[in-house]
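*Asks:* Predicted structure and sequence below. I'll ask about it afterward.
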Amino acid sequence: MGVLAVCNLPALTLLDLSDCRNITSEALTAVSGLTSLRSLNLSCCHRITDVGVRAVCNLPALTLLDLTRCSGITDVAVTAVSGMTALTSLNLSDCHKITDVGVLAVSSLRSLTLLNLK
């Protein structure tokens with residue numbers, strides 16, 4: 001059951017899954033139904049791929065997305081994130097597969113007030 005249990009909480013605004021190393025992209029597909037979610041922390045979720053990140057890019061209220069040390073994501077995920085116009089905080093630190101292409105994509109996010117690329 002795991003993450004699927006929180007999908008029954010439609011008013012949930014903050015979800016912290018940091019260091020949940022068994023969270024997969026399939027779980028994020030379920031999370032994508034939480035339309036009130038404003039903050040999603042996925043740091044150190046190493047099994048997440050571009051597919052999972054693309055699934056959460058449809059969350060309309062999301063303003064904070066933390067993908068620190070998500071080693072499975074690439075420029076494909078970051079390009080999808082670039083369509084999240086409500087996003088104000090994006091953490092991509094230690095995402096070693098992200099290149100200049102991904103950084104260029106997020107530069108279109110005019111509402112960003114925090115961007116971590118270290």
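*Replies:* That came through, no problem. Numbers count the residues shown, from 1 in each chain.
*Asks:* For the residue nearest to Asn22 when sequence neighbours are not counted, give me its contacts.
*Replies:* Closest residue to Asn22 apart from its sequence neighbours, by Cβ to Cβ, 6 or more residues apart in numbering: Arg47 at 6.6 Å. (Glycine included, C-beta is placed from N, CA and C.) By Cβ atoms under 8 Å, 6 or more residues apart in numbering, Arg47 lies in contact with 21-25, 72.
*Asks:* PyMOL command to pick out the buried ones of those?
*Replies:* Selection of buried members from the contacts of Arg47 for PyMOL, criterion 16 or more other Cβ atoms under 10 Å:
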select buried, resi 23+24+25+72
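*Asks:* show me where pLDDT drops low in this structure?
*Replies:* Applying pLDDT under 70 to the chain flags residues 1.
*Asks:* just the helices in this protein please.
*Replies:* For the chain, the helices defined by DSSP state H cover 25-31, 50-56, 75-81, 100-106.
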